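Colleague: Sequence plus predicted model, see below.
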Amino acid sequence: MDSGALTVLTKSQRIVFGLVVLILVDMISVSLSKLTKQIYNEETLEKPFFCTYVKASMFTCYLLGFLCWHPWRDAFCARPNNYDFLDSEPEEDHADEAVSGKLSTPIFVPVKLAERDSLDKSSGTESDDSSLRYVRFSKVAEVRHLSEVEAADALLARLSYQASMRAGEIAKRATLKLPVEQVAKIALIFCLLWFAANYTYQVSLLKTQAGLVNLLSSTSSFFTLLLASIYPSSTADKFTISKLAAVILSILGVLLLSLSDIKQEANIPTGAVLGLVSAVFYAAYLVFLKRTVPNGNRIDIPMFFGFVGLFNLLLMWPLFVFLHITKIETFEWPNREQLTLLLLNGLLGTVVSEALWLWCGAFESLKVQLGCFLTSSLMATVATSMAIPIAFVADAILKHLDYSPLFYLGTIFMILGFLLVTAYTHFEKWDPVASALRCAYAKACRRTMSLRSGASGVACEQRESLMTSNTDSD
């Protein structure tokens, strides 16, 4: 679906559509998690840097769009439009100079003989002495061409009103797009954040328990809420107590789901720290990208990821040498089965799902009619945690497994937190938790004041009774 099709959707429809796409991403993630386990366990490919590097490099397949998608080629070869303001009464000399400046250098082509003969015959005149005189024309014609920009403007001027409006809308949409050079610069910055987030996550899976990694990865929603409130890109990023409560509810649900997989350890494992670092990188990657490009209609997501893959391919390979020399990760080429599973996982689990996830979460446009507003960055990060209960439900259906009541309670908490974040994304100014806290605080203040007034009244009565008793004794 292109941006033009999304413009006809209302805000509620775009959020629902984004919700469906996010759930689709979670289902892809769950279906491919078995491949990841098989790669690390059965195929014994414990090479997190190599796996991350291969998956990131596969993003370069998006750059094939320059070969088969003509808008990308036009954007790459296009030059900025030069618009001139016309004076109300331009001088003829300057007007001629301006027109000649927009034309190409003259090209002289020979005139066809038949045309020249007809011109010569039609231009004959008779004098008083009946002698014929002819005007001799040049045998070559001077030809000049308008530039492509001027020719396009001239074509628009000759179109009908409806056709010119449609063409102008298409041209306006094209001018809103960031140039290819700017997209490449943005990808150069954010490819480092993406690679760091994925690499630390892969290492944490090897260093510690999967349940603990899932729990710590779910905290990316909290860091997203925090960073988005500090560096907001739209009104939807405003911090509210209700959003915080929904995020805490979702994290609590992940905790309940992961209790059976988490084993107590005496010391904090290294993988836990790396999992937390990965969550921070994911949140920073999404929030700062959305702040850099607030409107999704200004950037092509596939082109962006294509450059991310290209820069990862070109910049990260020296780390192979460093990791191999330091024995942190010795380089070994995988066998055929390992490489097949890795490429399949990278194609579907990274290239496709990552683009869908970013498309839904990173961009929104409330004030621009052109664009691909779907959800918010917070909703996208909370949706990633929904892959955990989906995976458990899939195992329960396929393997006929039974789970404890804590599993069902945690699932309810996660679904409830996800639905609340969705509601707060739609109703940006709705903060029921803060309203309830203010009401409770006001009632507590009134009760305190009433207690204080009652206590002061009792004290006054006691003082009056003492004064009366003293007077009677006198």
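Modeller: All right, it came through fine. Numbers count the residues shown, from 1 in each chain.
Colleague: contacting residues around the helix or strand harbouring residue 109?
Modeller: Using DSSP states H and E, residue 109 maps to strand 107-110. Residues from elsewhere that reach strand 107-110 (C-beta atoms under 8 Å, 6 or more residues apart in numbering): 139, 140, 141, 142, 143, 144, 145. Bear in mind the C-beta positions are built from the backbone N, C-alpha and C, glycine included.
Colleague: 10 Å - rerun?
Modeller: The contact list for strand 107-110, computed with C-beta atoms under 10 Å, 6 or more residues apart in numbering, reads 116, 138, 139, 140, 141, 142, 143, 144, 145.
Colleague: could you give the mean pLDDT of stretch 437-457?
Modeller: Mean per-residue pLDDT for stretch 437-457: 79.
Colleague: pLDDT weak spots in the stretch 201-350 of the chain?
Modeller: For the stretch 201-350 of the chain, residues meeting the criterion pLDDT under 70 lie at 210-211, 235-236, 260-268, 294-297, 349.
Colleague: thought residue 58 was touching residue 64?
Modeller: No - taking contacts as C-beta atoms under 10 Å, residue 58 lies outside contact range of residue 64: 11.8 Å.
Colleague: neighbour count winner among these two?
Modeller: The neighbour comparison of residue 58 against residue 64 (other C-beta atoms under 10 Å) goes to residue 58, with 20 against 12.
Colleague: Residue 344 versus residue 46, what's the distance?
Modeller: Residue 46 sits 19 Å away from residue 344, going by C-beta to C-beta, to the nearest Å.
Colleague: Pretty sure residue 328 sits in a helix.
Modeller: No - going by DSSP: H, G, I helix; E, B strand; the rest coil, the assignment for residue 328 is coil, not a helix.
Colleague: Could you count how many residues lie near it?
Modeller: Neighbours around residue 328, by other C-beta under 10 Å: 12.
Colleague: give me phi/psi at it?
Modeller: Dihedral pair for residue 328: phi -70, psi -40, per degrees, to the nearest 10.
Colleague: What are the neighbouring residues in contact with it?
Modeller: 48, 49, 203, 319, 322.
Colleague: Can you tell me the strand partners of the strand holding residue 109 and which way each runs?
Modeller: Strand 107-110 sits in its sheet next to strand 140-143 (antiparallel), going by DSSP bridges.
Colleague: how much space between residue 248 and residue 254?
Modeller: 11 Å.
Colleague: Please give the element, helix or strand, for residue 202.
Modeller: Element membership for residue 202, per DSSP H and E: helix 180-207.
Colleague: how about that helix: buried residues?
Modeller: By neighbour count on 16 or more other C-beta atoms under 10 Å, the buried set for helix 180-207 is 180, 183-184, 186-187, 190-205, 207.
Colleague: again, but for stretch 209-228
Modeller: Neighbour-count burial for stretch 209-228 [16+ other C-beta under 10 Å]: 209, 211-228.
Colleague: What of stretch 162-169?
Modeller: Quick answer for stretch 162-169: no buried residues (16+ other C-beta under 10 Å).
Colleague: In the stretch 101-250 of the chain, mark out all the helices, start to finish.
Modeller: 113-122, 148-158, 161-176, 180-207, 210-217, 220-230, 241-258 (DSSP state H, counting those that start in this stretch).
Colleague: For the shortest one, name the packing helices and strands.
Modeller: Taking 3 or more C-beta pairs under 10 Å, 6 or more residues apart in numbering; DSSP states H and E as the contact definition, the neighbouring helices and strands of helix 210-217 are helix 180-207, helix 241-258, helix 270-292, helix 377-385, helix 387-399.
Colleague: just checking, what packs against the helix holding residue 202?
Modeller: Packing contacts for helix 180-207, counted by 3+ C-beta pairs under 10 Å, 6+ apart, involve helix 11-37, helix 48-57, helix 70-77, helix 210-217, helix 270-292, helix 301-315, helix 353-361.
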